[in-house]
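[1] I would like the atomic coordinates for the input below:
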Amino acid sequence: QVQLVESGGGLVQAGASLRVSCAASGRTFSSYTVAWFRQAPGKERELVAAIRRSGAITYYLDSVKGRFTISRDNAKNTVYLAMNSLKPEDTAVYYCAAHTGTWVPSTPSGYDSWGQGTQVTVSS
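    A predicted model of the protein is given here:
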């Protein structure tokens with residue numbers, strides 16, 4: 001497993017931008033597929049975006065396509081989620097997750113490493 005720490009969440013107004021980061025420990029971070037999930041109060045945790053260890057972007061939730069961009073810098077052991085044109089419905093705790101396979105699991109159970117989460121709140 002790898003240790004993950006998210007940062008960069010906060011309170012913003014609708015239409016604003018925010019970038020959250022996921023910093024990983026360990027020298028083999030480049031061998032992990034990494035995903036961002038989010039969980040709003042009373043809702044299930046959902047997959048937002050995922051990026052393979054090669055850097056190929058594999059998945060975006062339909063509601064964030066064109067607004068969110070996932071990227072990774074393996075030299076810095078960090079994955080980013082840039083969020084533009086934020087909407088109140090994007091409000092959630094955002095979690096970084098990772099696993100060593102090349103595929104992208106769509107459910108949380110497919111990942112064996114998780115961060116503690118960072119809160120993103122978008123006001124209307």
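[2] so where is this protein shaky, pLDDT-wise?
    Counting by pLDDT under 70, the chain contains low-confidence ranges at 27.
[3] what residue is smack in the middle of it?
    Trp36 (2.2 Å; C-alpha atoms, centre = their mean).
[4] wait, a strand at it?
    Yes. Under DSSP: H, G, I helix; E, B strand; the rest coil, Trp36 sits within a strand.
[5] just to check, it is in contact with Arg45?
    No. Trp36 sits out of contact with Arg45 when judged by C-beta atoms under 8 Å, with a separation of 10.7 Å. For every residue, glycine as well, the C-beta is placed using N, CA and C.
[6] between these two, which contacts overlap?
    Shared contacts of Trp36 and Arg45, defined by C-beta atoms under 8 Å, 6 or more residues apart in numbering, comprise Tyr95.
[7] doesn't Ser106 make contact with Ala97?
    No. Using C-beta under 8 Å, Ala97 is not in contact with Ser106, being 11.5 Å away.
[8] bridged to Tyr80, which residues?
    In this structure, Tyr80 bridges to Ser21, Ser71 when assessed by DSSP bridges.
[9] who touches the residue nearest to the centre of the chain in this structure?
    20, 22, 47-50, 70, 79, 81, 94-97.
[10] and it, how far is that from Thr58?
    12 Å (C-beta to C-beta, to the nearest Å).
[11] who touches both of those two?
    Shared contacts of Trp36 and Thr58, defined by C-beta under 8 Å, 6+ apart, comprise Ala50.
[12] returning to what we had before: Ala97 and Ser106: which is more packed in?
    Ala97 (23 against 13; other C-beta atoms under 10 Å).
[13] is the more buried one in a helix, a strand, or coil?
    Judged by three-state DSSP, the three-state class of Ala97 is strand.
[14] residues touching it, list them.
    When contacts are counted by C-beta under 8 Å, 6+ apart, Ala97 touches 4, 34-37, 108, 111, 113-115.
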